[in-house]
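>>> I'll drop the sequence and a predicted model, then ask my questions.
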Amino acid sequence: MCDNGDPEDKPPAPPVRTGSTIFSTNAGKDSLVGNHSSKPLPSVPEEKKPLNFCYGSKDRDKERPEISPPSDFEHTIHVGFDAVTGEFTVSIYIFLLK
């Protein structure tokens, strides 16, 4: 998956708070008095630069060793799956088994 830096791919940034709200009622110890004024507001997030590369680049693929196919391979059993019945089917090639 490539990140080409399209702004449509990113969710919108949350709104920046300009102040805090303190709730207060006259209900005694059940009152919700927030001590929000002592906490600093979060800073505005910096705009990130778009990444202009793809994962799984061709340079990395060139470094991978080439693996040859198997030699002297004999296909004696085939396992299949029937999606309708949910059962596996096994076919044994008897003419290859001696």
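Here it is on my side, so go on. Residues are numbered from 1 along each chain as shown.
>>> rest of the way, CA atoms for contacts and neighbours
Will do.
>>> what about Gly80, distance to Ser91?
To Ser91, Gly80 is 8 Å away according to Cα to Cα, to the nearest Å.
>>> Check Lys48 too.
56 Å.
>>> got it, and His75?
His75 is 11 Å from Ser91, by Cα to Cα.
>>> and what of Thr76?
8 Å.
>>> now swap in Pro45 and tell me
61 Å.
>>> repeat for Pro15
63 Å.
>>> So these two - more neighbours on which side?
Neighbour tally, Pro15 and Ser91, criterion other Cα atoms under 10 Å: the higher count belongs to Ser91, 10 against 7.
>>> Would you tell me what the next helix or strand after the least confident helix or strand in the chain by mean pLDDT is?
Ranking every helix and strand in the chain by mean pLDDT, DSSP states H and E puts helix 58-63 at the bottom, with a mean of 61. Sequence-wise, the next helix or strand downstream of helix 58-63 (DSSP states H and E) is strand 77-82.
>>> Remind me what that following strand packs against, helices and strands.
strand 87-92 (3 or more Cα pairs under 8 Å, 6 or more residues apart in numbering; DSSP states H and E).
>>> angle of the strand it packs on against strand 77-82?
Inter-element angle recorded for strand 87-92 and strand 77-82: 160 degrees (by axes from the mean of the first three to the mean of the last three Cα atoms, to 10 degrees).
>>> What pairs with strand 87-92, parallel or antiparallel?
Sheet pairing of strand 87-92 (DSSP bridges) gives strand 77-82 (antiparallel).
>>> which residues are contacting the strand it pairs with?
Here strand 77-82 makes contact (Cα atoms under 8 Å, 6 or more residues apart in numbering) with Glu87, Phe88, Thr89, Val90, Ser91, Ile92, Tyr93.
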